[in-house]
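Trainee: Predicted structure and sequence below. I'll ask about it afterward.
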Amino acid sequence: MKRLAAVLILAICVLPSFASALTGVVIAEEAQVYADADLDSEVIGVVPGGTKLTLSKGTRGEYAKFRKTRIKGKIGWISSLDVKTEDEIKKLKAKAKAKSKGKPRSSKGPFADEEKSPERDEAGGELFVFTRSVGLAVGMADYKESINGGDYSANLLTYGLKLTGTDVLLGGALMDVNILFHYGAPEYYDRLSVTKPTGFISWMDFNLLLPVMMREDSLIGIGLGPLLVLSNMSASDSNQTYSMWALNAGVTAEVTAGVRFGEVALRLDGKYWFERQTYRQLQIALQTVF
């Protein structure tokens with residue numbers, strides 16, 4: 001438990017210092033942030049002019065255009081007329097400065113004749129970090145277990161479902177959710193049973209994901225979250241057969257990297273699972289954006 005507490009404290013104190021994002025600046029006197037990309041949707045916050053925000057690169061909206069952003073831990077939408085990325089601001093200021101050479105100084109600001117930013121076709125024009133992906137995962141776990149005072153380990157094949165992105169489980173949160181299985185008893189049960197042992201192990205982790213590096217179509221992040229491990233093993237001695245059920249709780253710490261190719265995403269994860277024993281898992285997943 002001391003080691004687990006140390007991991008949690010380290011993650012809370014250190015990980016935020018690594019986060020980086022595409023940022024923008026509110027250019028209006030104040031701007032409203034909506035729950036959806038629609039002027040008729042609920043207003044979840046108001047930000048004053050000059051505020052820096054995390055933004056998606058593309059825009060969304062049938063008539064008015066919006067960029068996805070995050071405010072007070074919630075995902076929302078802000079009008080593209082009220083906010084500009086730092087690169088757009090630099091370009092517009094440079095353009096305004098070039099036009100002003102040899103001409104009377106204009107009373108209009110650098111945003112008076114703003115250009116519409118291009119939209120991306122794939123994944124709704126969003127940064128990879130904002131997209132939601134679902135798909136199949138397969139990996140190898142260095143599983144460890146204590147039985148009757150002895151420590152045992154085995155390499156186990158894991159496979160299952162992986163969900164990644166915002167709003168996949170908790171509203172507005174960037175999460176990585178994995179539901180994985182291994183069917184069959186670990187090989188060391190062969191030495192503990194007089195008949196062929198059977199069973200399964202299921203891991204369910206729900207990790208809050210913190211980006212370390214973000215690009216349009218790639219991401220490196222660190223995750224931390226709760227873990228549930230459900231298992232059942234059937235073994236026998238010379239007298240009877242035993243069915244051993246167990247449900248354990250723990251914590252997952254992971255490093256994840258992903259890249260997007262149009263509507264397909266490929267992710268690689270390295271994990272430490274902390275429960276009754278501490279062990280590692282390496283996993284690869286092929287997902288589709290939804």
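Mentor: Cool, the structure landed.
Trainee: Just the CA trace of the longest helix seen in the chain, in PDB.
Mentor: Scanning the chain for the helix with the most residues, using DSSP state H, yields helix 86-100. Backbone C-alpha positions of helix 86-100 (Å, rounded to 0.1, in the frame of the first residue of the first chain) are rendered in PDB as follows:
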ATOM      1  CA  GLU A  86      -1.700  31.600 -31.300                       C
ATOM      2  CA  ASP A  87      -0.500  30.800 -34.900                       C
ATOM      3  CA  GLU A  88      -3.500  32.500 -36.400                       C
ATOM      4  CA  ILE A  89      -2.900  35.600 -34.300                       C
ATOM      5  CA  LYS A  90       0.700  35.800 -35.400                       C
ATOM      6  CA  LYS A  91      -0.200  35.400 -39.000                       C
ATOM      7  CA  LEU A  92      -3.000  38.000 -38.900                       C
ATOM      8  CA  LYS A  93      -0.800  40.500 -37.000                       C
ATOM      9  CA  ALA A  94       2.000  40.000 -39.600                       C
ATOM     10  CA  LYS A  95      -0.500  40.500 -42.400                       C
ATOM     11  CA  ALA A  96      -1.900  43.600 -40.800                       C
ATOM     12  CA  LYS A  97       1.600  45.000 -40.300                       C
ATOM     13  CA  ALA A  98       2.600  44.300 -43.900                       C
ATOM     14  CA  LYS A  99      -0.600  46.000 -45.200                       C
ATOM     15  CA  SER A 100       0.000  49.100 -43.000                       C
END
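Trainee: And the average pLDDT for that helix is what?
Mentor: For helix 86-100, mean pLDDT rounds to 74.
Trainee: Determine the set of other helices and strands touching that helix.
Mentor: Judged by 3 or more CB pairs under 8 Å, 6 or more residues apart in numbering; DSSP states H and E, helix 86-100 is in contact with strand 23-26. For the C-beta atoms, the positions are set from N, CA and C on the backbone; glycine is no exception.
Trainee: ok, and what's touching the strand it packs on?
Mentor: For strand 23-26, the external contacting residues (CB atoms under 8 Å, 6 or more residues apart in numbering) are 47-55, 67, 69, 78, 82-86, 88-89.
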